[in-house]
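>>> Sequence first, then the predicted structure:
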Amino acid sequence: MQPLGGQPARVLNGLSDIRAFFHTNTTPLYFVSPTPFNLLGIDRWVRNFFYLNYFDSFEGEHSRVFVPRRRDRIDFDSMGDVCKHLLRDPETLDFVSQRGAGGKACFVMVDEETQDVAHAAGLDVMHPRAELRHRLDSKLVMTRLADEAGVPSVPHAMGRVSSYDELATLSRNAGLGDDLVIEIAYGNAGSGTFFVRGPGDWDRCAGALTGQDIKVMKRIRNVEVCLEGTVTRHGTVIGPPMTSLVGYPEVTPGKGSWCGNDIWRDVLPAAQTHTARQMVGRLGDVLHREGYRGYFEVDLLHDLDTDELYLGEVNPRLSGVSPMTNLTTEAYADIPLFLFHLLEYMDVEYELDIDEINTRWERGYGETEVWGQLIISETSPDVQIFTATPRTGVWQLHDDGHVAFARPSDDSSTLLDESEAFYMRVAAPGELRCLGAQLGVLVTRAHLQTDDYQLTERCRRWINGFKTQFASTPLTPTTPMVSRLVARA
């Protein structure tokens with residue numbers, strides 16, 4: 001990089017320079033999303049970092065969160081719809097304009113149309129091109145690329161079937177048995193995964209599977225382990241492993257739906273942690289070869305019967321586990337993992353020893369450090385309107401099981417111990433209460449799952465305590481409604 005005047009640009013040399021660079025950043029940076037959930041807390045590390053959101057989790061009290069006042073759009077079908085609406089909103093455009101030219105935007109999910117809308121708003125997009133990300137987001141494409149990189153998947157076969165008999169033949173030829181897990185190319189938070197044990201199961205999901213390529217896997221008894229990484233020009237930086245909470249009926253109506261995470265030092269034994277990180281590193285090498293730069297998330301499947309680790313899926317983007325990754329990696333006395341993503345899009349030269357960072361992060365800090373996050377969604381089929389919902393901030397769990405608001409807070413960094421939790425409101429009074437609607441996110445300094453993968457008693461008490469904080473009333477024909485999106489990606 002050669003600036004005007006012919007003088008060589010300064011090169012950031014090491015993490016100290018990089019921290020100072022972000023603390024003095026002058027480029028307006030924006031996270032455009034329904035809520036600030038995925039990158040909450042990054043603003044503490046990066047000057048001029050703002051959240052452009054549709055739903056106001058902070059009731060106007062967060063200095064870096066901008067929410068337009070207009071509420072004339074009620075039929076969002078996706079995160080992309082919300083982002084496009086935001087970037088076309090006159091109030092949002094005025095907010096961006098006031099902060100000067102040269103702004104850059106990041107998203108959870110961004111398609112070509114959203115990229116075009118961002119460019120029309122005067123913003124550079126801090127992600128690889130949409131066509132590349134879409135191709136790499138395919139579970140089938142990434143399975144093939146992982147095979148080439150030596151990253152094993154659960155025993156599987158890929159092909160097309162139009163009946164249960166054809167599925168059974170494909171499975172039999174691959175030696176997969178009768179208890180199967182089937183994935184289509186695209187689907188988030190379990191929406192593209194189907195469990196088939198016989199003709200009845202096939203009949204229930206045939207419409208979603210017929211006529212397209214599918215991945216058919218032997219069903220194993222497994223735990224999902226998540227790791228995130230960032231592909232940089234100097235190599236792939238790899239975050240810590242964490243387990244997932246999946247399908248708990250107390251907080252999600254989806255049997256296979258992700259609903260939270262636990263992260264602590266001994267998620268996996270040391271040898272398996274090393275293996276998991278090697279797998280993520282190989283996948284990062286594959287992504288780099290394909291032209292990808294930036295943040296990605298990997299789900300690994302830990303087979304509880306054989307102790308093997310297999311690829312689950314790769315998400316070439318931010319994800320729902322990103323808050324836990326960034327919360328933990330900032331505790332390593334370095335920088336949150338997402339800042340390595342920003343570096344790739346900040347028009348700055350830098351030098352880093354990625355191997356040294358990964359070695360230190362694998363060793364870890366804080367032997368007793370434990371964090372958990374819980375995504376609370378509506379589990380009742382009744383459709384109503386919220387009249388009261390808990391506010392964002394730090395809450396306390398009392399000995400008798402009730403929860404009470406303790407103090408305002410922007411994120412989970414001020415939590416003292418496991419008796420406290422940071423709660424970020426998603427559902428607000430006046431909005432629609434319906435099956436699957438996301439209510440809020442809870443973060444605490446404690447395990448939410450037991451060793452045998454049940455909710456801890458403390459977790460159940462948090463859930464029950466927060467559920468008493470919600471109130472709603474039946475719909476009337478004249479009730480205005482605002483649609484509620486699930487923030488998981």
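Nice, thanks for sending it over. These numbers were taken from a predicted model, which means no experiment stands behind them.

>>> Can you pull out the low-pLDDT segments for this protein?
Residue ranges of the chain with pLDDT under 70: 1-9, 72-74, 189-190, 365-367, 477-489.

>>> quick check: domain ranges of it?
The chain breaks down into these structural domains: 11-126, 155-218, 221-363, 378-474 (assignment by automatic domain parsing).

>>> Out of the ones you listed, which gets nearest to L136?
Closest of the domains of the chain to L136 is domain 221-363, at 4.5 Å (criterion: Cβ to Cβ). Quick note: C-beta positions are derived from backbone N, CA and C, even for glycine.

>>> Please convert the domains of the chain to JSON lines, extending it with distance to R133.
Shown next, in JSON lines, are the domains of the chain (distance: least, Cβ to Cβ, whole Å):
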{"stretch": "domain 11-126", "distance to R133": "8"}
{"stretch": "domain 155-218", "distance to R133": "12"}
{"stretch": "domain 221-363", "distance to R133": "5"}
{"stretch": "domain 378-474", "distance to R133": "24"}
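
>>> So which of those is the most surrounded?
Across these, averaging neighbours per residue (mean count of other Cβ atoms under 10 Å) puts domain 221-363 on top, at a mean of 20.

>>> elements contacting the top helix by length along the chain?
Identified as the longest helix of the chain according to DSSP state H is helix 270-289. Applying 3 or more Cβ pairs under 8 Å, 6 or more residues apart in numbering; DSSP states H and E, we find helix 270-289 packed against helix 139-149, strand 222-232, strand 235-238, strand 294-303, strand 309-315, helix 354-363.

>>> any chance of the ones you listed in a markdown table, plus distance to Y248?
As requested, those are exported to a markdown table (distance: least, Cβ to Cβ, whole Å):
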| stretch | distance to Y248 |
| --- | --- |
| helix 139-149 | 24 |
| strand 222-232 | 13 |
| strand 235-238 | 28 |
| strand 294-303 | 17 |
| strand 309-315 | 19 |
| helix 354-363 | 29 |
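
>>> surely N464 meets D400?
No: applying Cβ atoms under 8 Å, one finds N464 not in contact with D400, separated by 11.5 Å.

>>> Show the contacting residues for N464.
Applying Cβ atoms under 8 Å, 6 or more residues apart in numbering to N464 gives the contacts G401.

>>> And it, which helix or strand is it part of?
Here N464, judged by DSSP states H and E, is contained in helix 457-467.

>>> For that helix, C-alpha coordinates in CSV please.
Only the C-alpha atoms of helix 457-467 are listed here, as CSV (Å, rounded to 0.1, in the frame of the first residue of the first chain):
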residue,chain,number,x,y,z
GLU,A,457,-31.0,-26.9,37.8
ARG,A,458,-29.8,-23.4,37.8
CYS,A,459,-30.5,-23.0,34.1
ARG,A,460,-34.1,-24.3,34.7
ARG,A,461,-34.5,-21.8,37.4
TRP,A,462,-33.3,-18.9,35.1
ILE,A,463,-35.8,-20.1,32.5
ASN,A,464,-38.7,-20.3,34.9
GLY,A,465,-37.9,-17.0,36.5
PHE,A,466,-37.7,-15.2,33.2
LYS,A,467,-40.9,-16.7,31.9
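
>>> ok, G229 - contacts?
236-239, 280-281, 283-284, 295-298, 337.

>>> Just list whatever residues bridge to it.
When bridges are called by DSSP bridges, G229 pairs up with I238, F296.

>>> which residues touch the closest residue in space to H288 that isn't next to it in sequence?
Distances taken as Cβ to Cβ, 6 or more residues apart in numbering place V231 nearest to H288, at 5.0 Å, with adjacent residues excluded. Neighbouring residues of V231 by Cβ under 8 Å, 6+ apart: G284, L287, H288, Y292, R293, G294, F296, E344.

>>> go again using 7 Å as the cut-off
Neighbouring residues of V231 by Cβ atoms under 7 Å, 6 or more residues apart in numbering: G284, L287, H288, Y292, R293, G294, F296.

>>> quick check, nearest of those residues to D147?
Relative to D147, the closest of these is L287; by Cβ to Cβ it sits at 14.8 Å.

>>> Can you give me the distance of the nearest residue to the closest one once chain neighbours are set aside to T329?
Spatially, and ignoring its direct neighbours in sequence, L287 is nearest to V231 (5.1 Å; Cβ to Cβ, 6+ apart). Distance, V231 to T329, by Cβ to Cβ, to the nearest Å: 16 Å.

>>> swap in F95?
30 Å.

>>> Could you do F466 as well?
Using Cβ to Cβ, we find F466 at a distance of 28 Å from T329.

>>> ditto for A149
Going from A149 to T329 by Cβ to Cβ gives 24 Å.

>>> now A388
Per Cβ to Cβ, A388 is found 36 Å from T329.

>>> again with T450
To T329, T450 is 26 Å away according to Cβ to Cβ.

>>> got it, and Y345?
In this view, Y345 and T329 are 19 Å apart by Cβ to Cβ.

>>> do the same with P249
Taking Cβ to Cβ, one finds P249 at 32 Å from T329.

>>> can you check L442 too?
21 Å.

>>> got it, and V11?
Going from V11 to T329 by Cβ to Cβ gives 23 Å.

>>> now S171: how far from N13?
With the distance defined as Cβ to Cβ, S171 ends up 55 Å from N13.

>>> swap in N358?
Distance, N358 to N13, by Cβ to Cβ: 19 Å.

>>> you'd agree P68 is up against T92?
Yes: between P68 and T92 a contact is recorded at 5.3 Å, counting by Cβ atoms under 7 Å.

>>> that older thread, can you lay out the contacts of G229 as a markdown table showing distance to K218?
Below are the contacts of G229 laid out as a markdown table (distance: Cβ to Cβ, whole Å):
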| residue | distance to K218 |
| --- | --- |
| T236 | 29 |
| V237 | 33 |
| I238 | 28 |
| G239 | 29 |
| V280 | 23 |
| G281 | 26 |
| L283 | 22 |
| G284 | 27 |
| Y295 | 31 |
| F296 | 26 |
| E297 | 24 |
| V298 | 20 |
| L337 | 33 |
